[in-house]
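> fold the following and give me the result.
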Amino acid sequence: MKVIFVIVSMAGGGAERVISVLANQFVQRGIDVTILMTAGNEVAYELDERIQLLCAGTVSGGSMQKRIERVRNIRRIFKENPDSVIISFGPGTSFFAVLADLFLNHKFIISERNDPAACPYPRLRNIIYSYAKTVVFQTEDAMKCFPARLQKKGCVIPNPITQGIAAPYTGIRQKTVVAVGRLEAQKNYEMMLNAFQRFHTKNEDYTLHIFGQGSLRQSLEAQVEKLRLTDSVYLEGFCQDVMDRIRTAGIYVLSSDYEGVSNALLEAMAAGLPVVATDCPIGGSRLCIEDGVNGILVPIGDEVKLADALEWLAQHPEEANDMGKKAAGVRERFSEQAIAVRWEEILRGCL
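Take a look at the predicted model:
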């Protein structure tokens, strides 16, 4: 069995991390794996040496010539691998992959990675997804956003938790609030900063550490200054060993307006952190959090409720630790091996 994953690059991000996990698992199961990057060759994840890495182009910068060259290179690689199953992640990447595959008739698996409502071109996306033999969704709610013809092709598989995450920390937790994710509007760090400022007025010994990089770094730095939090909020940038950095933290926060299933949230729970997450529309947070049992859910965009949740966890350390212990139960439910088995079943259905 041969598989070609198609992704923009492997420079860091949730979809990229999932591909790294699945690729490593697949080669251990005797599957021939190629990762085809469409716009760059940077790799931020540890990959088995048996995995072939290919690059079809660079960032286009809006250049039509570069996009045409990218499609030509993808098509050439597809032609050289006529018996491969193609797995593409998200509508943008899938558009180029499907276009490159016209009349080649590869079996396609397309994975929807986010809240479908956030897609700016849903009709085109649905046409692209129709090309797939199977469409993989992260939650049932996400699948229900699509027409019946695509739901019939649908399969729900959540994200895997990276193997090798250290055992849950059992010592006294630091007075730190942490978050992990790209510095982009979807993550709503602006709301998080406002909520932390409310929380910080009564809890001045707490600090906030945000791990990730993105286009909003400068505006977030300006907001930190405006809120007079320069001594309490740290934008840490991208960090390869982020779980080692945050495992002793007091609270993990996800403030996104929409998500699929957040890899960082799952891993924080697996590490036993008390977590607070926005209850995103397609149920990614609800998939792994039972409110008040192994974490706290708050409405999207509600800085007051988020600040209240932080306050409750800070003032109830024993209950917070108990939530963290229960959160670690996601380790078995979303293990690499369990998720890889479900993906392999879909692959075999394409043969």
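> make it CA atoms for all contacts and neighbour counts henceforth
Fine.
> what segments of the stretch 101-250 of the chain are strands?
107-111, 134-137, 154-156, 176-180, 207-211, 233-237 (DSSP state E, counting those that start in this stretch).
> would you list the ones you listed in JSON lines and tack on distance to residue 81?
What follows is the strands of the stretch 101-250 of the chain, written out as JSON lines (distance: least, C-alpha to C-alpha, whole Å):
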{"stretch": "strand 107-111", "distance to residue 81": "12"}
{"stretch": "strand 134-137", "distance to residue 81": "20"}
{"stretch": "strand 154-156", "distance to residue 81": "25"}
{"stretch": "strand 176-180", "distance to residue 81": "37"}
{"stretch": "strand 207-211", "distance to residue 81": "38"}
{"stretch": "strand 233-237", "distance to residue 81": "38"}
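> now these in TSV, with mean pLDDT?
Formatted as TSV, the strands of the stretch 101-250 of the chain follow (pLDDT from 0 to 100):
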stretch	mean pLDDT
strand 107-111	96
strand 134-137	95
strand 154-156	93
strand 176-180	97
strand 207-211	97
strand 233-237	96
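> just send those back as JSON lines, with mean neighbour count and distance to residue 119 too.
Putting the strands of the stretch 101-250 of the chain into JSON lines (neighbours: other C-alpha atoms under 10 Å; distance: least, C-alpha to C-alpha, whole Å) gives the following:
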{"stretch": "strand 107-111", "mean neighbour count": "25", "distance to residue 119": "14"}
{"stretch": "strand 134-137", "mean neighbour count": "25", "distance to residue 119": "14"}
{"stretch": "strand 154-156", "mean neighbour count": "20", "distance to residue 119": "18"}
{"stretch": "strand 176-180", "mean neighbour count": "23", "distance to residue 119": "23"}
{"stretch": "strand 207-211", "mean neighbour count": "21", "distance to residue 119": "25"}
{"stretch": "strand 233-237", "mean neighbour count": "17", "distance to residue 119": "27"}
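> out of the ones you listed, which gets nearest to residue 20?
The closest of these to residue 20 is strand 107-111. By C-alpha to C-alpha, the value is 14.5 Å.
> which strand residues bridge the closest residue to residue 290 other than its chain neighbours?
In this structure, residue 290 finds its nearest non-sequential neighbour in residue 296, 7.5 Å apart by C-alpha to C-alpha, 6 or more residues apart in numbering. Taking DSSP bridges, one obtains residue 276 as the residues bridged to residue 296.
> what does the pLDDT read for residue 296?
On the pLDDT scale, residue 296 is placed at 98.
> can you verify my assumption that it contacts residue 286?
No - the pair residue 296 / residue 286 is not scored as a contact, 9.8 Å apart, by C-alpha atoms under 8 Å.
> ok, these two, which is more surrounded?
The residue with more neighbours, out of residue 296 and residue 286, is residue 296; 24 against 19, by other C-alpha atoms under 10 Å.
> distance check, that one against residue 248.
Distance of residue 296 to residue 248, computed by C-alpha to C-alpha, to the nearest Å: 19 Å.
> go through this protein and flag its longest helix.
In the chain, assigned by DSSP state H, the helix with the most residues is helix 64-80.
> quick check: buried residues in that helix?
Neighbour counts over helix 64-80 (16 or more other C-alpha atoms under 10 Å) mark 66-67, 70-75, 77-78 as buried.
> how far does the helix or strand that that helix is followed by sit from the chain's center?
Once the chain leaves helix 64-80, the next helix or strand it forms, by DSSP states H and E, is strand 84-89. The chain centre lies 18 Å from the centre of strand 84-89; the measure is C-alpha atoms, centre = their mean, to the nearest Å.
> repeat for stretch 38-52
Relative to its chain's centre, stretch 38-52 lies at 17 Å (C-alpha atoms, centre = their mean).
> can you check stretch 119-131 too?
That offset, for stretch 119-131, works out to 21 Å (C-alpha atoms, centre = their mean).
> what's the answer for stretch 206-220, then?
With C-alpha atoms, centre = their mean, you get 17 Å for stretch 206-220.
> alright, that wraps it up for me.
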